[in-house]
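J.: I would like the atomic coordinates for the input below:
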Amino acid sequence: MTYGIEFVPGNVNVKQVVNFCQLAESKDIDFAWITNHYNNRHCYPVLTAVAQATTTLKMGPGIMNAFTDTPAAMASFACTLNEISDGRATLGIGPGDLSTLPKLAIQPTKPVARLGEAIDQIRALCSGAEVKKDGKEFFDYDGAKLTGVTLPGKKGIPIYVGAQGPKVLELAGLKGDGALINASNPKDFAVAIPIIKAACDSIGKKGFDVGAYTALSIDKDEKKAKKAAKIVAAFIAAGSPEALLLRHGLDLANVAKIKDALSRFDFGAVGGLVTDKEIEAFTICGTPDTIRQKCDDLTAAGVTQIIFGSPLGPDMTTSIRLLGKIM
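T.: Sure thing, here's the model as predicted:
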């Protein structure tokens with residue numbers, strides 16, 4: 001089992017992210033994943049700062065997409081970050097946030113096919129190949145080649161696919177080195193992992209890294225941990241399809257009320273509507289002993305990397321220190 005941690009350079013600034021990453025590294029956390037949202041600080045310079053301030057921590061964007069960034073740009077960035085970090089770069093890439101892209105006047109058509117082509121072109125470019133036209137639908141490069149970067153060699157840059165739906169989970173197994181699955185509950189991995197495994201088995205792939213991209217809230221005081229988790233659990237519940245809500249036995253009428261309160265930015269009402277059921281379904285939350293047990297449950301479900309994601313807890317510094325004691 002390896003462990004990762006996620007930071008959002010929107011509610012914390014770059015210097016704070018760097019300091020938190022240094023603390024995480026000192027607590028034997030293996031990966032740092034920096035979120036990529038157009039309205040926040042850009043993950044590229046944040047990752048560069050993290051690379052220069054750490055020595056063992058692996059790092060990458062969590063996650064890019066092939067609508068706002070081209071495969072060539074991502075390949076060049078990944079190779080550059082790998083050079084700066086002495087071989088510690090990773091690349092998280094997914095189909096794109098279908099709720100955000102239209103705001104940028106981007107119509108996200110055929111997201112899974114586009115993602116698959118992007119991964120192929122990134123791998124080819126990072127290998128040093130000259131990518132010539134071969135009839136691809138989205139990125140039919142014509143003589144593209146990275147000539148002014150240090151290439152990563154045979155090992156390449158590990159590519160993690162952000163995945164939830166069955167088609168992207170299958171793509172992750174076929175083309176990725178790992179997956180970043182937005183889920184915190186073993187029930188969701190009971191559905192996701194067999195899809196990935198079948199795809200890996202179909203091509204004889206071994207050593208796939210199944211990442212649980214969790215929403216974490218840890219504190220010695222359980223009530224404080226739950227309070228910090230409520231808004232995150234609310235947003236996840238509001239954005240989840242009905243089938244996922246039913247999988248976790250959630251009250252659809254209550255989730256509809258949560259969604260309405262969020263649309264009105266009435267966070268006081270949201271806090272009153274979110275129950276332990278939403279928190280249990282969509283976060284790992286509680287005291288260090290509870291978090292340790294939940295991590296064991298994810299491991300038993302087949303997860304091989306646990307990523308501790310936002311909000312982390314009532315206080316980020318305290319949360320990271322507590323995590324260091326339970327791993």
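J.: All the strands of this protein, residue numbers only.
T.: 2-7, 31-34, 58-61, 64-65, 91-94, 159-163, 178-181, 209-218, 284-286, 305-312 (DSSP state E).
J.: Serialize these to a markdown table and add fields for mean pLDDT and mean neighbour count.
T.: C-beta here means a position set from N, CA and C on the backbone, and glycine is covered the same way. A markdown table is the format used below for those (pLDDT from 0 to 100; neighbours: other C-beta atoms under 10 Å):
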| stretch | mean pLDDT | mean neighbour count |
| --- | --- | --- |
| strand 2-7 | 98 | 23 |
| strand 31-34 | 98 | 28 |
| strand 58-61 | 98 | 25 |
| strand 64-65 | 97 | 24 |
| strand 91-94 | 98 | 27 |
| strand 159-163 | 97 | 27 |
| strand 178-181 | 98 | 27 |
| strand 209-218 | 98 | 26 |
| strand 284-286 | 97 | 26 |
| strand 305-312 | 97 | 25 |
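J.: got those as JSON lines, with distance to Lys145 columns?
T.: Below are the strands of the chain laid out as JSON lines (distance: least, C-beta to C-beta, whole Å):
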{"stretch": "strand 2-7", "distance to Lys145": "32"}
{"stretch": "strand 31-34", "distance to Lys145": "28"}
{"stretch": "strand 58-61", "distance to Lys145": "23"}
{"stretch": "strand 64-65", "distance to Lys145": "21"}
{"stretch": "strand 91-94", "distance to Lys145": "19"}
{"stretch": "strand 159-163", "distance to Lys145": "19"}
{"stretch": "strand 178-181", "distance to Lys145": "27"}
{"stretch": "strand 209-218", "distance to Lys145": "29"}
{"stretch": "strand 284-286", "distance to Lys145": "44"}
{"stretch": "strand 305-312", "distance to Lys145": "32"}
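J.: between those, which gets nearest to Ile231?
T.: Among the strands of the chain, the nearest to Ile231 by C-beta to C-beta is strand 305-312 (7.6 Å).
J.: Which pLDDT value goes with Lys325?
T.: pLDDT for Lys325: 86.
J.: my bad, should have said Leu98
T.: Reported pLDDT for Leu98: 82.
J.: likewise the one 4 residues further on?
T.: The predicted structure scores Pro102 at 92 on the pLDDT scale.
J.: So for it, what's the nearest residue that isn't a sequence neighbour?
T.: Pro108 (7.5 Å; C-beta to C-beta, 6 or more residues apart in numbering).
J.: What spatial separation is found between the one you found and Thr68?
T.: The gap separating Pro108 from Thr68 is 10 Å, by C-beta to C-beta, to the nearest Å.
J.: list the residues that contact both of these two?
T.: Common neighbours of Pro108 and Thr68, using C-beta atoms under 8 Å, 6 or more residues apart in numbering, are 96, 101.
J.: Looking at the two, which is more packed in?
T.: More crowded of Pro108 and Thr68, by other C-beta atoms under 10 Å: Pro108, with 18 against 15.
J.: Provide a list of residues in contact with that one.
T.: Contacts of Pro108 (C-beta under 8 Å, 6+ apart): 67, 95-96, 98, 101-102.
J.: With Lys277 instead?
T.: Residues near Lys277 by C-beta under 8 Å, 6+ apart: 248-251.
J.: Please apply the same query to Thr214.
T.: Applying C-beta under 8 Å, 6+ apart, we find Thr214 in contact with 183-184, 283-284, 298, 306-309.
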